[in-house]
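K.L.:
got a structure for you, letters missing:
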């Protein structure tokens, strides 16, 4: 063995592994995994997003799925070489199943599988028309009575949802709905996106005016069309809005603006949804086979019921409705909350000369943007990574290959490092009275995002305003709101003309309760979170994001969303699940998640 | 020498060449060129688009320009290897001048330069903000009173052209104006694009409805944002229209729609143009330092003055105004002309069940799309080329490196091959009475395009309709138009309810006569063509496209346009010429073209 290259050794391993699987020798295959092992499958074996942890879960999954999956042709991916470092051999791999082509990443330790990622690239016979198979466009030859591209698009727009039913309806046309819609279009799945705003991108445009993306451009590409090289690192909200609008148009999405879904009901007899939509004043009843909520992973705005809030004499609104600082000059604004939105809103108000106080109710994780980009994302998503040959697709897969169970152990050293680098900064914040945390186990921002989607601020300047006392800070719980002030349990009373509730969002199944019914919302349960048994992410351990991008307890009901990275990456697997169902390809779901929390 | 790699040999050659140039030893440098040699320079040595042909022209250019250019650092480009084939050694090269960084392609024969292409990549100190230097976007830190991206864009839109003058005004917002505008924006050159239509892309949308691009997608990318992999090979006109509209938006161009330039006048005292624009009914006077005509390389519609045309009882219009076949059912339509537009219009009319006759007045070059793509463009612009590692930038430079003087010799074998492959097709066309040519010297379509921009049809199906007699064909000159017919000099009289003049376009300086005055139009002279002394491209030999993308005899007046390829590629060099002037960088023009033809 020693004279072989790493690539040859991995290929020999794959030959044995593939042979065992093809012959149905599950014991042999399981024994090729290490005791500590993680097999993350994105819809190739499981028709689910699922991580099998340890040999017994691997065995269980194979016993349930192997016979139908029929995997073959395990290869080190063409043009790739295996690499070795720190006792781990790593290689990009390709394989096939009975119905699909897959791509993955394998890591071996001591000749056994430590991590295995298997993802679906395409369904055989249903490949996207791209590259060599792109459409011709011009209709060469003669087609008497033939329709032009424009006429066909117009006909589609006029008939879909009326005389022809879409296979999928997506509720919500932000980045999630748009990215998924683009993939479904390429897969030939008739889809309507229902969006309440006037234009694609308005879900960004309508936010507070200083908002910019907190994730950098390399992390944010949509499928099919990358941002150009001149695109800003952190795009302003209106610029992202314009990009989404452009993208929606050129990707030919059936995107219904000024449209609100009023109700949805599962028709068990016909195995379809009955979705009543108010389309710019007209009631339209859609009957899709699949319904996707892409209403924002954050769910519905959460406004705590504070005593006395109803008698407050001034203006009060949730951060999602905050119009920005213009018009508040000379007023006293109290912002309740201390996460991203609270910081951004406070900074913009301060900049506009407004008297602003932030009420911090619980500890908050703060990390400055620069070290976060450098240490947190730089290896995969940065100009340096691009220059080093890293592609978005590879970065996404490497990211996806790190098992959720142990991800925090990779994250913690990053934040230990950042705490060291920024020790003075953190000391100054604490001196100003700001109460910090770095996550329940010190694993920092990204784990907080995955576990609860909240509890942090990526600092782009507001923290210095707090350190300098320019944004006033008050710590404590809100005890009461009076006509003119916010009273805390510390006895502090803060005069207020305006209150902004930067108090976060509920679980996405809140939208299900509104649109369908509470029973279905409860049946589906809490959306988002890993079951990490940390604040706002109660156990038991789920091992994957709850209910996101995968089958739920309600037939034909799906959730899609998250940041741009997730909207891009997971739309691939959700679109393939939907396409397979449309084509009648068997999709036996392994390990459908149980529901432990209602919301 | 023989033990060295080609790369090392080229580097050794470049070391000697660069040394001679740096030391001002022009004799030595000239002697490193072969007797037959071509040095094509795109604005690095000449501040012009210029091909020096033969040693004496190379010497002349160097004597005039070397001292100011100060070239240094000639290197085989990083990451590239020289190649050898058929006695030619070829290598990508980089170099610098006093003010710029350059990229080029060198071909050596017997150790001497056969062809040399030198192109400007960027001006030192004025690089585009891209990749590692892309803008940050979010304004980190605190900017009291700071404006958001949207507010800055709105302020720019409100002030540019009113309280602030643009440096450049571009007349015409088709692909040419848009591509140039995008580059100027990235270079920080304040620019307004003046476009008469309602929306960007309308110059495509308003053409006849069956129109699709005749060039394939790989040839058509705009700067900065490539078409995605699912984009059709030959995009329908409305789809290209949508792309241009979205591109204009996301590239943040200052694009004035519903705007028509009424007059322009050179103010010699202030060294600026006075351009009066009707902006959607409002008169605005612009005072740019530079004026670019991007009104379509085809120039103004050309309608021959046929006897009796004024008494024709039916509808008659130029092909550029043709609305498509709808509404002509049951009518007899005569299309005068036999080039691309004539064929497309006739085919669409036939498909819609209209009685249509094509009048062929002179021989026409026909080439079917498939062999043209395969043999004509495939090596540089195709999915195969992309798969083989060819980039758009490289393909453009290889294309640009082939000297115009000998380009037809590379083209002729392609068309010889196509004639052989399609012998039956051509025989059938001739049998149907269609009169063919392959260009004056058999060099085919691309040379016709470069020389005269007309005289051909890329067949996507209409030729078969002519072969089958479904599009009726009449050969001859138009002698007279009666109230109800077109009479030819052959004695044939064709009944007509509608006449479409697919009779081409004049020279672009026709627009100059309209907007400025005839004197300036005459001073500038004919636009387009190489001086090949073939039909519609009279000599003497120019060696570059007349007046395109380079200084003209009228100070601060420029022409830009052509197909998408040219709009993309040459906008790079025109934008750098304009930027250099704005920054006050010396731009001594070598070899400003003489004018031999007025239009």
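P.N.:
Sure thing, it's come through. All of these numbers come straight from a predicted model, not from anything done at the bench. Residues are numbered from 1 along each chain as shown, chains lettered A, B, ... in the order given.

K.L.:
Now do the buried residues in stretch A:179-189.
P.N.:
Neighbour-count burial for stretch A:179-189 flags A:179, A:180, A:181, A:182, A:183, A:184, A:185, A:186, A:187, A:189 (criterion: 16 or more other CB atoms under 10 Å in any protein chain shown). Every C-beta, even on glycine, is put in place using the N, C-alpha and C of the backbone.

K.L.:
Check what pLDDT residue A:140 gets.
P.N.:
You'll see residue A:140 listed with a pLDDT of 68.

K.L.:
related to what we said a few turns ago, format the buried residues of stretch A:179-189 as CSV; extra columns: pLDDT, distance to residue A:440 and secondary structure.
P.N.:
Below are the buried residues of stretch A:179-189 laid out as CSV (pLDDT from 0 to 100; distance: CB to CB, whole Å; DSSP: H, G, I helix; E, B strand; the rest coil):
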residue, pLDDT, distance to residue A:440, secondary structure
A:179, 98, 31, helix
A:180, 98, 32, helix
A:181, 98, 36, helix
A:182, 98, 37, helix
A:183, 98, 35, helix
A:184, 98, 38, helix
A:185, 98, 41, helix
A:186, 97, 40, helix
A:187, 98, 40, coil
A:189, 98, 40, coil
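
K.L.:
which ones among these come in contact with chain B?
P.N.:
With the criterion set as CB under 8 Å from any CB of the partner chain, the members of these near chain B are residue A:186.

K.L.:
now the helix or strand containing residue A:150, how far from the centre of its chain.
P.N.:
Under the criterion of DSSP states H and E, residue A:150 resides in helix A:149-159. Helix A:149-159 has its average C-alpha position 32 Å from the chain's average C-alpha position, going by CA atoms, centre = their mean, to the nearest Å.

K.L.:
pLDDT of stretch A:152-169, averaged?
P.N.:
Stretch A:152-169 comes out at a mean pLDDT of 97.

K.L.:
What's the end-to-end length of it?
P.N.:
21 Å (CA to CA, to the nearest Å).

K.L.:
can you give me how far it is from the chain middle?
P.N.:
The answer for stretch A:152-169 is 28 Å, by CA atoms, centre = their mean.

K.L.:
list the buried ones in it?
P.N.:
So for stretch A:152-169, counting by 16+ other CB under 10 Å, buried means A:153, A:160, A:161, A:165, A:166, A:167, A:168, A:169.

K.L.:
coming back round to it: which pair of the buried residues of stretch A:179-189 spans the longest distance?
P.N.:
Farthest pair in the buried residues of stretch A:179-189 (CB to CB) is A:179 and A:189. Separation: 13.9 Å.

K.L.:
And the helix holding residue A:150, what does it pack against?
P.N.:
In terms of contacts (3 or more CB pairs under 8 Å, 6 or more residues apart in numbering or on different chains; DSSP states H and E), helix A:149-159 is packed against helix B:237-250.

K.L.:
What angle do helix A:237-250 and the helix it packs on make with each other?
P.N.:
Angle of helix B:237-250 versus helix A:237-250, following axes from the mean of the first three to the mean of the last three CA atoms, to 10 degrees, is 170 degrees.

K.L.:
The following helix or strand past helix B:237-250 pairs with which strands?
P.N.:
On the C-terminal side of helix B:237-250, the nearest following helix or strand under DSSP H and E is strand B:255-256. Strand pairing for strand B:255-256, using DSSP bridges, gives strand B:191-194 (parallel).

K.L.:
pLDDT of the partner strand, averaged?
P.N.:
For strand B:191-194, the mean pLDDT works out to 98.

K.L.:
what residues does that strand touch?
P.N.:
B:160-161, B:166-173, B:177-178, B:181, B:184-185, B:253-256, B:259-261, B:275, B:277, B:286, B:288, B:294 (CB atoms under 8 Å, 6 or more residues apart in numbering or on different chains).

K.L.:
Then stretch A:85-92?
P.N.:
Residues contacting stretch A:85-92 (CB under 8 Å, 6+ apart): A:6-7, A:9-10, A:76-77, A:80-84, A:103-110, A:114, A:394, A:397.
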